[in-house]
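> Prediction below, plus the sequence it came from.
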Amino acid sequence: MNLRPDPTFHATPKLAMEAPAEKLAFTLMLSPDGSQPDGLAVVDVDPKSKKYGKIVHQVLMPNTGDEFHHFGWNACSSALSPLTGHAFLERRYLIIPGIRSSRIYVIDVKEPLKAKIHKIIEPEEVFAKTGYSRPHTIHCGPEGIYVSTLGGGGPDGTDGPPGIFIMDCETFEILGRYEMDRGVQDKQYDFWWNLPRNYMVSSEWGLPPQFENGIVPEDLLSNKYGHSIHFWDLRARKNVQTIDFGENHQMALEIRPAHDPVKEYGFCGVVVDTTNLEGSIWTWWRKEDGTFDAKKTVTIPPQPADPDDLPELLKGFSAVPPLVTDIDLSLDDKFLYVACWGTGEMHQYDVSDPMNPKLAGKVELGGIVAKHKHPNGNDFGYGPQMVEISRDGKRVYWTNSLYSTWDDQFYPGERGAAMVMAIAGADGGLTLDKDFWVDFPEGYRSHQIRLEGGDCSTDSFCYPSV
Amino acid sequence: MGWPLAVSAALMDRKYGNLYKALLALAFGHLLAMLAILLPFSVMITLLEWQREIQIGAALLVIGLGVYLLINRRHPRFLSRVPPTRLALWSFLAAMAHGAGLMLVPIYLGICGLSVKDTSHAAATSLMSENTATALMVALAHTLAMTAAGGLLAVGVYHWLGLRFLSKGWFNLNVVWALSLILVGVISLLTLH
């Protein structure tokens, strides 16, 4: 309990951009075969430091087989804001779910170099209190910490639909399910919201049997993965509208609303169009009458390839799909970063006009066929995947693993963990930093990144930038 | 109470006038909360032979709430289910949850006690309406003072101080508030006549 608000409370996106730059990053490490415990790596990202680009501390878990994926802070600017009633919380804990084990770790990073486990919530407790499994996205919100899940009950997670549950923001007790009226929602992936406007948007990946042991080609080709996004009355906990992108738009994943709450639009990335292997970005927005609409505003074509260069899964197509697996929006709502994990590209779109994104910059790195090297000469395994932007929008970090079993299908063989950084130009343009390259311990892969003091996929704001 | 919500509302709508609308809604909710607590007491106080007991009871209630808020520092979660546009409702519930109305009760009973001289039964009816008028006055005066203070801050932040003030100028007054509830209760117990 503090007497003053946490120094990482930023009332508006603009104030968050002006705050001191991050000096540390937190990156998840996973052991793909479960032979080692998963962990949290604390990475020095201060260019003035002697340990720049080095892992300066690791927290390894007491279990194996958790499969770390996404994670988040216990409190962001919205919870730290006066009048949430707990304005004197600290941004101190990282909530890390095991997507495979359904176990949840709460890590205390108050002293980042001595980060340690604060609490462990065992899978049985998650199952018993929520009827959900496979926890995924973390956001702190009005009623506590919201956690999306990918599975329902039962051993294979198909007993009932997956959804979102709420945890207490101070004790980390699981309080129960979020939904009061889920409507047609039967799959779940990401979610985010506009707090003052009181709406939430959620997306769909697939059910656990469709991803845990690898992508199921028959399900993909028969369009059985998620292809809808859902709009909710956030505080009434009610699904008010569902927009179907069309069944060929398989896997509507990351939801990125504009950070400035005055703007009532956002983006969603679709992994693959099964009719032509394109990846796409959709812009969704709220209309005058309060209902929502969505439109495809970017398409990224596949690249032709020799079947001999392709993994089993793709040989029949003679092409590499871009596979849009992650997107992230800068805090000024100006640039949208799009990871093309298949082709090995990171795209930067100028989305000042959200209905007409323009490609402003691009980095080529890794890729199923292209296998672009890093400017420092190293091989970059897999492709650009989880992307995180610094609050000031000047540095863009990313890692390279998608999900253990999917990595192995698209990129057979162990390709090594990586974390790199690119410098973004003020008016666009993206260049890899030759000197930033993080070496991970042997046998690990790297996934989501969180930045000290908040980043572009963490904080929600209650005040517009003026 | 709640003035940052008014700043947010005005900024979200890009209309300065909405700042005052929002402050008005907050004041209205607060006033209702005051009256919801004070009016029942204004009726009870006509039971003259119980006056002392009522005063002691009210004082103990306020002290009890203060102690409870000291021990339980947690925020009532139901407040976060109120949509941000329902400012009057939010203000009403927030005032109820923090015992803002309850704090006024000992003060109010003190004022009423001073005015009671005629203890005949016939005076009861006029006393009741007099007490209700006093309750209204107390609630209004309190709401006005609170709205003026909050409004001043809201206007200041909107025009000059900027939103940075929210992180620089905000203090955790939870403990102070709980202690002041206890203080009011204790003073009213000590000044019982």
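Noted; the coordinates are in hand.

> CA only for contacts and neighbour counts going forward, please
Noted.

> for chain B, what are the nearby residues on the stretch 1-150 of chain A?
The stretch 1-150 of chain A comes close to chain B at residues A:2-7, A:9-12, A:15, A:81-88, A:142-143, as judged by CA under 8 Å from any CA of the partner chain.

> what comes up buried for stretch A:79-97?
Within stretch A:79-97, the residues scored as buried using 16 or more other CA atoms under 10 Å in any protein chain shown are A:79-97.

> Take the residues of the stretch 1-150 of chain A next to chain B and keep only those in strands.
Assigned to strands by DSSP state E, none of the residues of the stretch 1-150 of chain A next to chain B qualify.

> what does chain B put close to chain A?
Counting by CA under 8 Å from any CA, chain B sits next to chain A at B:2, B:4-5, B:8, B:11-13, B:74-77, B:80-85, B:163-164, B:166-168, B:170-173.

> Now, of the residues you listed, which are buried?
B:2, B:4-5, B:8, B:11-12, B:75, B:80, B:82-85, B:163, B:166-167, B:172.

> Retrieve the pLDDT associated with the residue most central in space within chain B.
Centroid-nearest residue in chain B: residue B:100, 3.2 Å away (criterion: CA atoms, centre = their mean). Note for residue B:100: predicted pLDDT of 86.

> For stretch B:17-28, buried residues please.
Under 16+ other CA under 10 Å, the buried positions of stretch B:17-28 are B:18-20, B:22-28.

> What are the buried residues along the worst-scoring helix or strand of chain B on mean pLDDT?
In chain B, no helix or strand scores lower on mean pLDDT, DSSP states H and E than helix B:100-115, which sits at a mean of 80. Across helix B:100-115, burial judged by 16+ other CA under 10 Å covers B:100-110, B:112-113.

> re the thing from before, give me the three-state assignment for the residue nearest to the residue nearest to the centre of chain B when sequence neighbours are not counted.
Ranked by CA to CA, 6 or more residues apart in numbering or on different chains and with sequence neighbours excluded, the top spatial neighbour of residue B:100 is residue B:34, at 7.2 Å. Here residue B:34 takes the helix state, with states given by DSSP: H, G, I helix; E, B strand; the rest coil.

> swap in the one 3 residues further on?
The three-state label for residue B:37, taken from three-state DSSP, comes out as helix.

> Count residues in the vicinity of it, would you?
20 (other CA atoms under 10 Å in any protein chain shown).

> which residues touch residue A:20?
With contact set as CA atoms under 8 Å, 6 or more residues apart in numbering or on different chains, residue A:20 has no partners.

> at 10 Å what do you get?
By CA atoms under 10 Å, 6 or more residues apart in numbering or on different chains, the residues touching residue A:20 are A:8, A:391-392, A:453.

> In JSON lines: these, plus pLDDT and neighbour count.
Formatted as JSON lines, those follow (pLDDT from 0 to 100; neighbours: other CA atoms under 10 Å in any protein chain shown):
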{"residue": "A:8", "pLDDT": "92", "neighbour count": "19"}
{"residue": "A:391", "pLDDT": "97", "neighbour count": "29"}
{"residue": "A:392", "pLDDT": "97", "neighbour count": "21"}
{"residue": "A:453", "pLDDT": "94", "neighbour count": "27"}
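
> for the residues you listed, which one is nearest chain B?
For those, the minimum distance to chain B (CA to the nearest CA) is 9.1 Å, reached by residue A:8.

> Go ahead and confirm the closest one touches residue A:77.
Yes: counting by CA atoms under 10 Å, residue A:77 is a contact partner of residue A:8 at 7.1 Å.

> what sits in contact with each of the two?
A:16, A:91, A:453-454.

> Looking at these, spot the one nearest chain B.
Looking at these and their distance to chain B, the nearest is residue A:16, at 10.4 Å (CA to the nearest CA).

> Next, the contact list for that closest one, please.
By CA under 10 Å, 6+ apart, the neighbours of residue A:16 are A:8-10, A:77, A:331-332, A:391-392, A:453-456, A:459, A:461, A:465.

> what do you get if the cut-off is 7 Å, keeping everything else the same?
Counting by CA atoms under 7 Å, 6 or more residues apart in numbering or on different chains, residue A:16 touches A:10, A:391.

> per-residue confidence for it?
Reading off the model, residue A:16 has pLDDT 96.

> what's the distance between it and residue A:332?
Separation of residue A:16 from residue A:332 (CA to CA, to the nearest Å) stands at 10 Å.

> go on, residue B:162?
Look at residue B:162 and residue A:332: by CA to CA, they are 18 Å apart.

> got it, and residue A:217?
Between residue A:217 and residue A:332 the distance is 39 Å, computed by CA to CA.

> repeat for residue B:53
Distance of residue B:53 to residue A:332, computed by CA to CA: 61 Å.

> Name the residue in those two with the higher neighbour count.
Under the criterion of other CA under 10 Å, the comparison of residue B:53 against residue A:332 puts residue A:332 first, with 19 against 11.

> List the contacts of that one.
Contacts of residue A:332 (CA under 7 Å, 6+ apart): A:13-14.

> what's the helix or strand for residue A:129?
Per DSSP states H and E: residue A:129 is located in helix A:123-130.
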